[in-house]
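Colleague: build the 3D model from these lines:
(one chain, ligands or ions: 2)
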Amino acid sequence: MARLATRFAAYPFALGVASGEPRPAGVVLWTRLAPDPLHGGGAGEEPIAVAWEVADDEAFAQVAARGSAVARPSAAHSVHVEVTGLQPGRRYFYRFMAGGEVSPVGRTATSPAAGAPTEHLRFGLGSCQHFEQGFYAAHRHLAGEDLDLVVFVGDYIYEGPAHAGGVRRHAGGEARTLAQYRNRHAQYKTDSDLQALHAAVPWLVTWDDHEVDNNYARLRSETLDPDFARRRAAAYRAYYEHMPLRRRARPGADGVILRSRHDVGALARFHLLDGRQRRTPQACPLPGRGGGRMIDVRCRELTEPGRTMLGPAQERWLAEGLREAPGRWHFLAEATLVARAAIRSGGRTRVSSDAWDGYPAARRRLLGVIADAGLTSCVFVSGDAHATVVSDLKLDFDDHAGAPVATEFCGTSLTSRGPSHRRTDTVVRQDPHIHFGDSTHRGYVVVDVTADRCSAAVRVLADPRDRDSGVSTVATFEVQAGRPGARRV
Ligand code: FE
Ligand code: CA
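Modeller: Residues are numbered from 1 along each chain as shown. Ligands and ions are numbered 1, 2, ... in the order given. The predicted structure is shown next:
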């Protein structure tokens, strides 16, 4: 039995509220009771009843749905409510109540009815929010962009220990245990700008490496840690506990089903992809090491046809989801850069073994599915590079005259430091399918979608170390429906 009459030593909704995975009839609502966020949460050892309400209005005069959930200590007193019975394409307000306390009010929205004509969709693309390397000014600006969705493609937390020289410091050492990952997620979620962005708009999320450990692949860590399966399981559990995800994403014996599909009426379909859990380990690591690095393309392992980024089951699921919905925009949301980004010097060609360049056969398979199905409005939205990279995607990147089959908008990091601009300029110069590269700025991308076109505004911060930083647009690109490839406007 859940306790009803709990009194908390401090405000229990210190991590805010969130919503995600909107459907025509409902949405996932999230919160976590954590009166002492940085030290295990502090909600005690008992289950606690949490009431929730969804209303048409901010004053909660017209309640559309209400219920009660149980926050269990085994799930760090997190709550994931899958609300149903709402109206499609509508905005709602929501809140939680426990122990006489009321949470902040969140805003969310259901998606349009299945197949309904939908004029416009506007989403923000973000990734890589290192807590120490910047304040969340980008999040504050995103919250004011009047978005339907935030699409977050990885590095929600960074697992590393505290470093000097940033704008603030990680609490505790490198996260390895469940308790440490919980505290790390909680520390990030104490940020008021991050909380406000969650409370403003529903999110679609996937992860990259740092939610667990730098450059891991499947069950192989950079250091070939023999206990990595246990560490990964702890990190996955904490991730689920802190994200507005459906119950199907709850970790089980076989890992996590993170992949998901989201329709926006007849206008668009999102495919949220998991590129870490099932991937073949990176090719040609240094002896005695795992992880990724810049490798020579002559690495023999690199071209093995069986190498996979998504795993066979996810590849099949994605192909089905693409083929069954022609005639609309498809947004393939995943963590790492899809476009070939080779660096040629001294007679050698090198690529990153951690991005899709490390999985050329899998990339060719996926782009081949798009080409063979005759889909002409596919856009990849990615991150990880800590640079904005806008590219045309081709079946053969060496065929400069070849027509693109898809487009990629890789968003820069929200805060995490980027690579040198010299290196980014070299990539743009040497890879003609890349239209634009910028690693100097932190920020995000705002994508506006109509039946005819998809336009992406690259929005960058003046200074990520300034909590009050302004934001400006450095470039805008457009893709026309039925014509793969980006054009600067
Ligand atoms: Fe990152
Ligand atoms: Ca990453």
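Colleague: contacts and neighbour counts: CA atoms only from here.
Modeller: Fine.
Colleague: chain center to stretch 226-238, what's the gap?
Modeller: Relative to the mean C-alpha coordinate of its chain, stretch 226-238 is positioned 19 Å out (C-alpha atoms, centre = their mean, to the nearest Å).
Colleague: what mean pLDDT does that stretch have?
Modeller: Stretch 226-238 comes out with an average pLDDT of 98.
Colleague: send the alpha carbons of it over as PDB?
Modeller: Extracted as PDB, the C-alpha positions of stretch 226-238 are listed here (Å, rounded to 0.1, in the frame of the first residue of the first chain):
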ATOM      1  CA  PRO A 226      34.700  -6.700 -17.500                       C
ATOM      2  CA  ASP A 227      31.800  -5.400 -15.300                       C
ATOM      3  CA  PHE A 228      30.400  -3.100 -18.000                       C
ATOM      4  CA  ALA A 229      27.100  -5.000 -18.300                       C
ATOM      5  CA  ARG A 230      26.200  -4.200 -14.700                       C
ATOM      6  CA  ARG A 231      27.200  -0.500 -15.200                       C
ATOM      7  CA  ARG A 232      25.200  -0.200 -18.300                       C
ATOM      8  CA  ALA A 233      22.100  -1.700 -16.700                       C
ATOM      9  CA  ALA A 234      22.400   0.800 -13.800                       C
ATOM     10  CA  ALA A 235      22.700   3.700 -16.300                       C
ATOM     11  CA  TYR A 236      19.700   2.500 -18.300                       C
ATOM     12  CA  ARG A 237      17.600   2.200 -15.200                       C
ATOM     13  CA  ALA A 238      18.400   5.700 -14.100                       C
END
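Colleague: just the element for the nearest residue to residue 54 once chain neighbours are set aside, please.
Modeller: Ranked by C-alpha to C-alpha, 6 or more residues apart in numbering and with sequence neighbours excluded, the top spatial neighbour of residue 54 is residue 94, at 4.4 Å. For residue 94, the element it lies in under DSSP states H and E is strand 91-98.
Colleague: so how far is the helix or strand just after that strand from its chain's centroid?
Modeller: Note on strand 91-98: by DSSP H and E, the next helix or strand toward the C-terminus is strand 101-102. A distance of 30 Å separates the C-alpha centroid of strand 101-102 from that of its chain, computed with C-alpha atoms, centre = their mean.
Colleague: and if you look at stretch 201-212?
Modeller: 3 Å.
Colleague: before we move on, the earlier item: how near is the residue nearest to residue 54 to ligand 1?
Modeller: 31 Å (C-alpha to the ion, to the nearest Å).
Colleague: so what touches the strand holding residue 94?
Modeller: For strand 91-98, contacts defined as C-alpha atoms under 8 Å, 6 or more residues apart in numbering pick out 4, 6, 17, 31, 48-58, 60, 102-110.
Colleague: enumerate the residues of the chain near ligand 1.
Modeller: Proximity of the chain to ligand 1 is assessed by C-alpha under 5 Å from the ion, with 128, 384 identified as the residues in range.
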